[in-house]
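Enquirer: pasting the structure only:
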Ligand code: AHG
Ligand code: MN
Ligand code: MN
């Protein structure tokens, strides 16, 4: 049975107490999460300063903001990378920002975990002060301990993830962590204390799912069955409403709390859609399933995919299980014959 955690518990203590129930563990997972917390706090502080600069900066505002979008992507990538490289807890890091897998540089030690990240998701939203985030997934290595990580440590089924999470830099900073054993829990950063406190305990998708999220601007590129399905959601009898921020992490988080369906489909131009398997779809699918929901690419549950390349893309249908099943059935129905 899962222990009952009190709201207000720090993430630090949550990690120590949950690790205690696994005496075989080496403490590396807790150490890894400490580095994630450090990097998250650093990025959060930088994001907040960006907002302030945007509000008061009048001269050269365009330049600064234009450059900052770039800088924040790079800053987040460098911050998470440095935090994780130095701690002896990872043997390989995969980042959206880097084509090749990142090996641990000398003189640092290789650890037991592989960390996959989208360091800054929703970066097109930075300059409008809308919510952005970091998405991550964690595998335990399968190659021999001690040496550098190998591709086999990362190109594997999403079912083998040991944990996944995201950090949202919004009105507040929230770290959501999902593990097999302890489900999905959200921790809010109190910036005056510098700690993450448990604020969303044992999250489950809200059954009263009434939101759908898809970029309807691309409707002309959709398959006719998807067009019909999205149209069917607009039947007033269904009581559905649309929400789309354009930051996957923020769209997912809202739908997790409120209940709903997010679709980023394949299109005629891009049959595999836009989102990446390893550091966008896998972590969020892991969290969705742990919260009682589902995620598919339209044919296969996302977590059953086995990617063959680091930056592979996939269509994504994610959210409450009944809605995901309904959408998938509608999208794969036999096309109506024209005539
Ligand atoms: P990133 O900022 O990491 O490149 O990701 C952007 C992604 C994702 O956050 C969001 O769901 C999607 O882009 C929005 O894309 P569209 O503008 O095509 O809807
Ligand atoms: Mn992204
Ligand atoms: Mn990104």
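Expert: Nice, thanks for sending it over. Note that the structure is a prediction, hence the values are computed from the model and not measured. Numbering: from 1, shown residues only. Ligands and ions are numbered 1, 2, ... in the order given.

Enquirer: could you list the domains of the protein?
Expert: Annotated domains of the chain cover 11-200, 211-332 [automatic domain parsing].

Enquirer: residues from the stretch 101-250 of the chain in reach of ligand 1?
Expert: Residues of the stretch 101-250 of the chain lying close to ligand 1 by C-beta under 6 Å from any ligand atom are 118, 121-123, 215, 246-248. Glycine gets a C-beta too; all of them are placed from N, C-alpha and C.

Enquirer: how far off centre is stretch 329-336?
Expert: Offset of stretch 329-336 from its chain centre (C-alpha atoms, centre = their mean, to the nearest Å): 29 Å.

Enquirer: still on that earlier bit, by mean pLDDT, show me the worst of the domains of the chain.
Expert: Looking at the domains of the chain, the lowest mean pLDDT belongs to domain 11-200 (a mean of 88).

Enquirer: now do the same end-to-end measure for it.
Expert: 12 Å (C-alpha to C-alpha, to the nearest Å).

Enquirer: ok, now which ones touch residue 173?
Expert: Shown in contact with residue 173 (C-beta atoms under 8 Å, 6 or more residues apart in numbering): 40-41, 44, 167, 188-189, 191.

Enquirer: what ranges does this structure have for its helices?
Expert: 11-20, 28-56, 61-85, 224-233, 248-258, 282-290, 321-332 (DSSP state H).

Enquirer: right, so these: which one is the most enclosed?
Expert: helix 282-290 (a mean of 27; mean count of other C-beta atoms under 10 Å).

Enquirer: of the domains of the chain, which is nearest residue 5?
Expert: Of all the domains of the chain, domain 11-200 sits nearest to residue 5, with 5.8 Å by C-beta to C-beta.

Enquirer: that closest one and ligand 3, are they touching?
Expert: Yes - on the criterion C-beta under 5 Å from the ion, domain 11-200 is in touch with ligand 3 at 96, 118, 120-121.

Enquirer: just give the nearest non-adjacent residue to residue 156, would you?
Expert: Among residues not flanking residue 156 along the chain, residue 306 sits closest, at 6.2 Å (C-beta to C-beta, 6 or more residues apart in numbering).

Enquirer: what number of residues lie near that neighbour?
Expert: 13 (other C-beta atoms under 10 Å).

Enquirer: how near is it to ligand 2?
Expert: 21 Å (C-beta to the ion, to the nearest Å).

Enquirer: tell me who's in contact with that residue.
Expert: 155-157.
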